[in-house]
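Undergrad: Sequence and predicted structure, then a few things I'm wondering about:
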Amino acid sequence: RITNCFVRDVTFKDQGAYIGGLVGKNKGALERDAFYGTYSISGTGTSIGGIAGLSDAGSISNCYVNANMDVNTTTGATVGGIAGVLDGHLQGCTTKGRIICNSQGAVVGGIAGSADTSALLTNSNSAMNITGGRYTGGVVGKYKSNNSLTACSSTGNVTGNGIAGGLIGQLSSNQALIEKSYATGDIYSSGTQAGTGDADGTIFAAGGLIGSVVMPPYSKIGINHCYTMGNVSANTNVHAIGGFIGYIYSNNPGSGKNGILVSTSYASGKVSSGNAFLGKAMTSLNSAILDINGFYFDSSKNTPSFSINGVTGLSTSELTKQSTMERNGFYSSAWVYQSGKPPQLTSSGSGTPTTTPGYKVTTNTDTSNLIFYVKTSGGGGGGGGSVVVTILTNSTSDQQSYKSLTQMTTETLFKMLGFSDSATGYITVVS
């Protein structure tokens, strides 16, 4: 078990298969650890993560990365803001900054590059802008797990070279459940890197939530209470562009032995040269493959190129009207309504904003029990100015983390929270 460790500014060259900002391979527990600063990798390296290169049957919880990650490896790498390859439990993690990956055929995700068969992701958020990768996702590049991804979100922009998705690049699973999750950044695919060995290997695709879904025989996939708000676009050679899903490949089409169920979800962004819900499918769609129980898109921005049962267009004013959306199943018990905006989930990922006047409130930034109230004036969090940080805790079990953080220098704490070098201020401790 490794807890309450903070690492900054690393450079790796030809360091082997598993490379992490904290550990190469994790089979235990990583808790409340953080990396921030620059993260540069060149030469070899196949599983690369901001905290762990590979987390195999181990757990990662309440970890934080605020970094500029530059990956220039000679082989196809799997790169994640927290973990390169995840095959265990990850919860309560947050990433900020960017990932630029120039590795041919790479798999890149803001939280995990690849989520393998036993991976379980909950309550995690990526605010990373991501560039590069054959399979690129705001949270996960390739999702192969038979478990759920719950209450996760991506707020950064995603630019991939092959298949790009706001939340997941490629989903290929027998029984995945994606729920209470969202993506708000813009999605773009350049269509410059074809894959090998996958059913969608020759396909270029972009999707607001998921770039492509590859369905093995007898697979069942559920997508519930999810939404996207970013714009989706691609190069002219990309022909699978969807506001929610870019491309669907299904084995045994029409057999009733596999299918996708989508319910109570929407996409509010603009889709360029694509379709409001799904860009393209490898076969004709029917309820055995795609069963939709309430999906809505912004018809003021998009005109669907083909119709799908259960997909409904609403004007911008309808999509942002509480009475209309509650009639369609978006109840206030699970969704928040703000004037002029579509409904948003009441609790999804870490760092959920509140409406406290004058404050930016961030929860779960480094631990599950510490809350940072950050008030800025002047230039604020991105461009200098005055900053006041108040740290609150009421958990006796978390006193060690609380003590470590409050004893940090002001400069260290400010950088960990993402403020500029020119920011000034002081730390107020409230117990």
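TA: Cool, the structure landed.
Undergrad: what ranges of the stretch 101-250 of the chain fall below the confidence cut-off?
TA: Counting by pLDDT under 70, the stretch 101-250 of the chain has low-confidence residues at 196-197.
Undergrad: let's go with 80 and repeat that
TA: Applying pLDDT under 80 to the stretch 101-250 of the chain picks out residues 193-202, 217-218, 250.
Undergrad: Residue 41: which element?
TA: strand 34-43 (DSSP states H and E).
Undergrad: quick one, what contacts residue 220?
TA: 174-175, 258-259, 261 (CB atoms under 8 Å, 6 or more residues apart in numbering). For every residue, glycine as well, the C-beta is placed using N, CA and C.
Undergrad: now do residue 70
TA: 38-41, 100.
Undergrad: same check, this time on residue 327
TA: Under the criterion of CB under 8 Å, 6+ apart, the contact list for residue 327 is empty.
Undergrad: Could you do residue 130 as well?
TA: Shown in contact with residue 130 (CB under 8 Å, 6+ apart): 98-99, 101, 108-110, 136, 138, 156-160.
Undergrad: And residue 33, by the same measure?
TA: 2-7, 22, 51, 63-64.
Undergrad: before we move on, what about residue 246?
TA: 163-165, 189, 205-207, 210-212, 232, 240, 274, 278-280.
Undergrad: which residues make contact with stretch 150-157 from outside it?
TA: 98, 110-111, 121-130, 137-139, 166-167, 177, 179-188, 230, 345, 347-349.
Undergrad: Out of the residues you listed, name the ones that lie in strands.
TA: 98, 121-122, 125-130, 137, 177, 179-183, 187-188, 345 (DSSP state E).
Undergrad: Which residue ranges of the stretch 201-350 of the chain form helices?
TA: Under the criterion DSSP state H, counting those that start in this stretch, the stretch 201-350 of the chain contains helices at 316-319, 322-327.
Undergrad: chain center to the shortest one: distance?
TA: Read that as helix 316-319. 26 Å (CA atoms, centre = their mean, to the nearest Å).
Undergrad: Any buried residues in it, and which?
TA: If you call a residue buried by 16 or more other CB atoms under 10 Å, then helix 316-319 has these buried ones: 318-319.
Undergrad: Mind giving me the packing neighbours of it?
TA: Using 3 or more CB pairs under 8 Å, 6 or more residues apart in numbering; DSSP states H and E, the elements in contact with helix 316-319 are strand 290-298.
Undergrad: contact partners of the strand it packs on?
TA: The contact list for strand 290-298 (CB under 8 Å, 6+ apart) reads 243-244, 248, 259-270, 276-278, 281, 304, 308-316, 319, 325, 328-329.
Undergrad: now do 6 Å
TA: 243, 259-268, 276, 310-314, 316, 319, 329 (CB atoms under 6 Å, 6 or more residues apart in numbering).
Undergrad: is it possible to export the contacts of residue 220 to CSV including distance to residue 115?
TA: Shown next, in CSV, are these (distance: CB to CB, whole Å):
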residue, distance to residue 115
174, 14
175, 14
258, 20
259, 21
261, 20
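Undergrad: and which of those is nearest to residue 89?
TA: Of all the contacts of residue 220, residue 175 has the smallest distance to residue 89: 17.2 Å, by CB to CB.
Undergrad: Am I right that the closest one falls within a helix?
TA: No - Residue 175: not assigned to a helix; according to DSSP: H, G, I helix; E, B strand; the rest coil it is coil.
Undergrad: how much space is there between residue 207 and residue 17?
TA: Note on residue 207: its distance to residue 17, by CB to CB, to the nearest Å, is 30 Å.
Undergrad: quick revisit: next step: the contacts of residue 33 restricted to helices.
TA: Judged by DSSP state H, helices contain none of the contacts of residue 33.
Undergrad: Give me the subset of those residues lying in strands.
TA: Of those, the ones assigned to strands by DSSP E are 2-3, 6-7, 64.
Undergrad: now, which of those residues sits nearest residue 31?
TA: residue 3 (4.4 Å).
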